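**Q** build the 3D model from these lines:
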Amino acid sequence: MAPKVGKLWDAVGNTPLLRIDSLSRLTGCEILGKAEFMNPGGSIKDRAAKGMIRRAEEEGKLRPGSTIVEGTAGNTGIGLGLLGVERGYRVVVTMPDNQAREKYELLEAMGVEVRKVPVVPFANENHFFHQARILAEKEGWFWANQFENTSNGDFHFETTGPEILEQCDGKVDVLVSAVGTGGTLSGTSRYLKSKLSGMRVVLVDPPGSGLYCFVRDGKVEGSGSSITEGIGIMRITENFRQARVDEAMRLGDQEMIEMLYHLAREDALVVGTSAALNVRAAYEYARRHRGEGLRIVTFLCDHGSRYASKVFNLEFLASKSLVPRPIPRD
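**A** Coordinates of the predicted model:
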């Protein structure tokens, strides 16, 4: 009998949905995390990468020997690197120069060409997003354009939403998610709301991002900054434009770090910064509805090992006035 083998391409998606026991016990609600760190590239962005590559191939924009270029905080670049290299493409990424070093090292180990650019406002042409576009125009490369390319969100509509609905036996009360490109929230919220009209979708935003104000007041406004990576934007992307959001909350780095350490120590879940922010928001929502038995789903976007030089470095945390204190339990 021939062995059952596949490719990395086939391993994207169908991730487990994990019950976060400590938080579920504390709140009397069921808090569930979609274990996206179990994708082959270690993050939820593998889904976006697969969706964008697949559509580009279908439309004839990618052919053998093509080059993919993308502006990324790292995870989408890793997904494009793994899947793109497997399918015979060259991959070039432009990245802000303040990301965790583990991301650069992993990308370079895969043979992805990394071009670091300074951290500047989106309006500046040196922004990593614009630098990818400029390279694509100059060199004739395929620009993945994860922020505006709706094959990102559509892939979540096709895969992530149905997986969650099936894993929850058709019962989801609340979906909680931060936003980077808007693809995850767009596709998943559209699918789940098409099946469950009464469910709530809650956006969580870090300081420095404008989506919290947009959901509440219709204005893209924000101040401050955050050590979270890959989430938070000051514009409305085409992917986010299609998301169906009911309410928003803003949480800071201190709340995120508290949850990040709680998950590692209490639930054996070593996750990244966006995942910790997602879970903290789910927990805060559950605290407001203590004992109601709500089923709250969020995303464990990637693994914490990708950020070890920052979030598990006490000197780094102290430099940002962050302390891994216990989460509030009342």
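**Q** please enumerate residues in contact with the helix or strand containing Ser189?
**A** For Ser189, the element it lies in under DSSP states H and E is helix 183-195. With contact meaning C-beta atoms under 8 Å, 6 or more residues apart in numbering, helix 183-195 is reached by 44, 47-48, 51, 146, 150, 152-158, 160-162, 164-165, 170, 172, 175, 177, 179, 199, 201, 203, 239-245, 299. For every residue, glycine as well, the C-beta is placed using N, CA and C.
**Q** show the buried residues in those.
**A** 44, 47-48, 51, 146, 150, 152-158, 160-162, 164-165, 172, 175, 177, 179, 199, 201, 203, 239-240, 242-245, 299 (16 or more other C-beta atoms under 10 Å).
**Q** list the helices and strands the following helix or strand past the helix holding Ser189 packs on?
**A** Counting by DSSP H and E, the element after helix 183-195 in chain order, helix or strand, is strand 200-205. Under the contact criterion of 3 or more C-beta pairs under 8 Å, 6 or more residues apart in numbering; DSSP states H and E, strand 200-205 touches strand 174-177, helix 183-195, helix 211-217, strand 247-250, helix 273-288.
**Q** turn these into a markdown table, columns for distance to Ile134.
**A** Shown next, in a markdown table, are the helices and strands packed on strand 200-205 (distance: least, C-beta to C-beta, whole Å):
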| stretch | distance to Ile134 |
| --- | --- |
| strand 174-177 | 30 |
| helix 183-195 | 23 |
| helix 211-217 | 26 |
| strand 247-250 | 33 |
| helix 273-288 | 27 |
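**Q** who wins for proximity to Gly28 among these?
**A** In terms of C-beta to C-beta, the element of those nearest to Gly28 is helix 273-288, at 7.8 Å.
**Q** buried ones in the closest one?
**A** Quick answer for helix 273-288 (16+ other C-beta under 10 Å): 273-287.
**Q** can you map out the helices along the stretch 201-330 of the chain?
**A** For the stretch 201-330 of the chain, helices defined by DSSP state H, counting those that start in this stretch occupy the ranges 211-217, 238-241, 253-267, 273-288, 308-311, 314-319.
**Q** apologies, that question was intended for the stretch 51-200 of the chain.
**A** Counting by DSSP H, counting those that start in this stretch, the helices of the stretch 51-200 of the chain are 75-86, 101-109, 128-139, 151-158, 160-167, 183-195.
**Q** one step back: want to throw the helices and strands packed on strand 200-205 into CSV with mean pLDDT and distance to Asn14?
**A** Output for those, formatted as CSV (pLDDT from 0 to 100; distance: least, C-beta to C-beta, whole Å):
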stretch, mean pLDDT, distance to Asn14
strand 174-177, 98, 19
helix 183-195, 98, 15
helix 211-217, 97, 29
strand 247-250, 98, 30
helix 273-288, 98, 18
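**Q** returning to what we had before: check the offset of the helix holding Ser189 from the chain's centre.
**A** Here helix 183-195 is found 14 Å from its chain centre; the criterion is C-alpha atoms, centre = their mean, to the nearest Å.
**Q** what comes into contact with stretch 243-254?
**A** 153, 179, 182, 185-186, 189-190, 193, 200-207, 211-212, 214-216, 224, 226-228, 277, 280-281, 284-285, 320, 322-323, 325.
**Q** restricted to buried residues, select those in ChimeraX.
**A** With 16+ other C-beta under 10 Å as the criterion, this ChimeraX line picks the buried residues out of those:
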select :153,179,182,185,186,189,190,193,200,201,202,203,204,205,206,207,211,212,214,215,226,227,228,277,280,281,284,285,322
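**Q** which residue is the nearest non-sequential neighbour of Ile233?
**A** Closest residue in space to Ile233, ignoring its immediate chain neighbours: Ser209 at 6.0 Å, by C-beta to C-beta, 6 or more residues apart in numbering.
**Q** Gly153 versus the one you found, what's the distance?
**A** Distance of Ser209 to Gly153, given as C-beta to C-beta, to the nearest Å: 18 Å.
**Q** Ala48 against Ile78, yeah?
**A** No: counting by C-beta atoms under 8 Å, Ile78 is not a contact partner of Ala48; they are 11.1 Å apart.
**Q** my guess is the residue nearest to Ile233 contacts Ile231. True?
**A** Yes: using C-beta under 8 Å, Ser209 is in contact with Ile231, at 7.3 Å.
**Q** mutual contacts of the two, please.
**A** Val179.
**Q** who's more crowded, these two?
**A** Ser209 (27 against 23; other C-beta atoms under 10 Å).
**Q** what residues are up against the more buried one?
**A** With contacts defined as C-beta under 8 Å, 6+ apart, Ser209 is in contact with 179, 222, 226, 231-234.
**Q** Gln146 too?
**A** For Gln146, the contact set (C-beta under 8 Å, 6+ apart) comprises 45, 48, 52, 70, 72, 76, 152, 181, 183, 239.
**Q** repeat the analysis, applying 7 Å as the threshold.
**A** Going by C-beta atoms under 7 Å, 6 or more residues apart in numbering, Gln146 touches 48, 52, 70, 76, 152, 181, 183.
**Q** report the two of those residues separated the most.
**A** In the contacts of Gln146, two members sit farther apart than any others by C-beta to C-beta. They are Glu70 and Gly183, at 13.0 Å.
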